[in-house]
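Peer 1: what follows is a predicted structure for the sequence shown.
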Amino acid sequence: MMLRYALKTVRARKAGFLGAFLALMCAAALITACGTLLDTGLRGTIRTERYAAAPVVVSGDQYVHRTTVKHKHGKTKVKHKAKPIAERAWIPERLRGRLAHTPGVERVVPELTFLAEPLTKNHADGRTAYGHAWESAALTPYRLTKGSAPRTAGDLVVDDDLAARAHLRPGDRLTVQSTRAPRSYRITGIATPATAVRHQTSLFFTATEARRLAAHPGRVSAFGVLPEKGADPERVRQAVDKTLHGTTARVSTGDARGPVEFLDAAAARTRLVSMGGAMGGTSLLVAVLVVVGTFALTVQQRRRELALLRAIAATPGQIRKLLGREALIVGAAAGTTGALLGLPLGAWLHSRFVALGAVPATLEHTVSVFPPLAALAVTLLGAWAAARIASRRVARIRPAEALAEARAERTRPAWGRIAAGLLLLAGGVVLVVLLTSLRTEPASTPVTFLAVVVLSTSVALLGPLLVRAAALLLAGPLRLTGHGGRLATANLRGNAARMASVVTPLTLLIGMTCTVLFVQSTLGDAARTQAREGVRADWVVAAQGPGVPGEAARRLRARHDTVTEVVRTTVRIGLDKYSAQGVTPAGLTRTWDPDVTAGSLGRLAPDTVAVSELAADQHHLKPGSTLRLTLGDGTPATLTVAAVYARGLGFGDLTFAHDLVARHVDNPLASSVLVTTTRTQRELATTLREFPGLQILSPAAADGLQAERQQTNAEVNYLAMGLVLAFTAIAVVNTLAMSVAERVREFALLRLAGATRRQVLRMLRTEVLSVLLLATSLGSGIALAVLTAFSLGMTGLAAPSVTPLLYVTVVGIAGLLALVASAVPGRAALRVRAVTVATAQE
């Protein structure tokens, strides 16, 4: 019976439920899109290309492991954790002999994978180029279609895709930038893969030249194991696993070979899980806040109808059941529609992350039924809970009071609502205070956005009180605007709950947008300021390609310049990840100043390390302390702390001697070279004329280049939170339109009392501007408090980086949305004859 009545109500009040439908649909679409990203990170396929013909692949362990044992109440609990390393882990070449004697193995092919970029205008198509030894061509397999295999150190075989794009053929010469100085090779052959290779370019050298360029003597990046004819690959895998027992090597078969080949895709899985989880969590919190507000407004608009039901003996339980089932009907329709729309939205979001370089194309987008089903379930639960919360007041009043309650809005919010609002306000303050003590970006970013949502929720609960307080403050100025201003003041006082439902999404929109925009600039500008103040060099050599070769630095050093090569990587102390760099120790203080606060950079050597104050505080380090860590390729190292420095944001948290880092990274080329010299830019360019793609920049120009890279990285975060902001903007329009659309009778009575359409619209515009002023103040205050706390924790200075023009643009867009969303339904409401409306609603 109640379900049938709910269906009739929804059918009869389609326009009234449209706002709730839109809010729920957008929420479901957003949750589905974030869910597909999370699902892709957890289960996304990384298909192998280079190892297509090798059923079994042996590679290094790409994780750092920690096992802890806890004894509690007589029980022993063993906990194992693993975190990925940043570079490729190499394995001993001597394992080849053991593998070759494994039962079922016919052939073991060593694989060398290293940086090898062809320097030709037509080669760049988004593919990464790698060098290999020709003997590993059998792993795909590649077969010669033209020419012959490489025989001397100057010979090279290229794949057919590169040959077609760069118009190469046997006999041509090709310059390759590898781990050493650029070198010209003679193309002896062109090879074609037996299976599709879409995401990489392969260059094949002789085995001797490949070992020289790989720069890991006695080690290989992987082994391809080819089973005997008729052997079961799974049994071979088990046999190989047994053979390698006690070593750090790992055995992979099937789809597990893809992560071994594409390390960036494997690392992107973790990043995508983190990104999808953060986006999904924030989206869910915002959706709950918006949906509850929308349903509260819907129930408020139906007070008269619900009061009549109470007056004719409907019980509180029946009212709650009715609203709950209406919500489930709307939620089912909106959730299903939104979940279906969220699938293409998730695919588009994944494609944009690929285009921005945040996710490699080799990590394929995964689509399953779980995200849409989860979004539908969350939407149904959210709709039902929102309806139950919104119905609490109207369901509890006595039948005799119902109609009186329906005529006017309650003058004071319930004490429970005020208490909840104050409690959330206190929770938001605690999060802001906590933010001042968080000094790493992974820890502070989730707390930053959570603080904005919690404080915005407190605004939603305390909204009626805030609106009345604003009405008191604005009463004087609004009187000066004439009759429209006085009417607007009366509406703000008398309909505070309705106005508060508009303030909440506007506050959230302004607060969240400012936080998203200025968190990145606050952190990036602080890092660039530290780097700018710490670079003492006259010139910075940068590369348009993979990096600056060591030979280029040696040429500069031969001219008596002070040259510092900088190689960047990521290391782990325990399981904690830190950005790190390797620098040339000789003459370091003439080119580079990280603001040493303890110890001396003069002691920097292959067996020592300099650490930032953040790393020193977290691990209780000081000059002379012993530090155990794991280098980028998984190699453990024990070093002595030589110095502690303050500019960790600009220069990374750990600094090693250049030669130590260069031996343990995939790209040993310098990301930049700092040069202190009396020579001019042109003279330096002349010295480096044999090295294509190098730029001689002033420190200011290098800083500008870093700003461009910072902007590119920030675009990923803007895109990640852009959907949440878009949803919030839709909620603003939706709530305002619903709020204005219900006031047809009020506008009609004003017109019958003598007000013109223009005066009513002016009153409406004044109300919206008053609400916008309140929301801007609250949203800006929330964003400023959160950003200041974030800046204090991350940079040590309470100085968030805010671009005034960008801030004004945010407020202007919010104001434009608010004015348009109120003006359009307001004009539509005024088109109906006032007498008709008043008579119809009597």
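Peer 2: Yes, it's here.
Peer 1: where does the stretch 151-300 of the chain dip in pLDDT?
Peer 2: Across the stretch 151-300 of the chain, the stretches falling below the confidence threshold (pLDDT under 70) are 300.
Peer 1: the strands in it, which residues?
Peer 2: If you assign secondary structure with DSSP state E, counting those that start in this stretch, the strands in the stretch 151-300 of the chain sit at 155-159, 173-178, 183-193, 200-205, 219-220, 222-227, 250-253.
Peer 1: quick one: the ones you listed as TSV, columns for distance to Gly524 too.
Peer 2: Backbone N, C-alpha and C define where each C-beta goes, glycine included. Listed next are the strands of the stretch 151-300 of the chain as TSV, based on distance: least, C-beta to C-beta, whole Å:
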stretch	distance to Gly524
strand 155-159	39
strand 173-178	29
strand 183-193	37
strand 200-205	31
strand 219-220	37
strand 222-227	37
strand 250-253	37
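Peer 1: dump those strands to CSV, plus distance to Ala543 and mean neighbour count.
Peer 2: What follows is these, written out as CSV (distance: least, C-beta to C-beta, whole Å; neighbours: other C-beta atoms under 10 Å):
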stretch, distance to Ala543, mean neighbour count
strand 155-159, 22, 25
strand 173-178, 9, 20
strand 183-193, 16, 19
strand 200-205, 19, 24
strand 219-220, 26, 22
strand 222-227, 28, 24
strand 250-253, 33, 20
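Peer 1: Gly534: which of those strands is closest?
Peer 2: Nearest to Gly534 among the strands of the stretch 151-300 of the chain is strand 173-178; the distance by C-beta to C-beta comes to 28.7 Å.
Peer 1: could you work out the end-to-end span of stretch 49-56 for me?
Peer 2: From the first residue to the last, stretch 49-56 extends over 13 Å; the measure is C-alpha to C-alpha, to the nearest Å.
Peer 1: centre of the chain versus stretch 730-739, how much separation?
Peer 2: 28 Å (C-alpha atoms, centre = their mean, to the nearest Å).
Peer 1: same question for that stretch: list its buried residues.
Peer 2: Of the residues in stretch 730-739, those scored as buried under the neighbour-count criterion (16 or more other C-beta atoms under 10 Å) are 730-739.
Peer 1: let me see the mean pLDDT of it.
Peer 2: The average pLDDT within stretch 730-739 is 77.
Peer 1: helices of the stretch 151-300 of the chain, residue ranges please.
Peer 2: Secondary structure of the stretch 151-300 of the chain by DSSP state H, counting those that start in this stretch: the helices cover 160-166, 207-214, 233-243, 257-261, 263-301.
Peer 1: make that the stretch 401-550 of the chain, sorry
Peer 2: Taking DSSP H, counting those that start in this stretch as the criterion, the stretch 401-550 of the chain carries its helices at 415-435, 441-479, 483-494, 496-534, 550-558.
Peer 1: let me see the mean pLDDT of stretch 457-477.
Peer 2: 80.
Peer 1: give me the contact list for it.
Peer 2: With C-beta atoms under 8 Å, 6 or more residues apart in numbering as the contact definition, stretch 457-477 has outside contacts at 289, 292-293, 413, 417-418, 420-422, 424-425, 427-428, 485, 489, 492-493, 496-497, 499-501, 503-504, 507, 770-771, 773-774, 778, 782.
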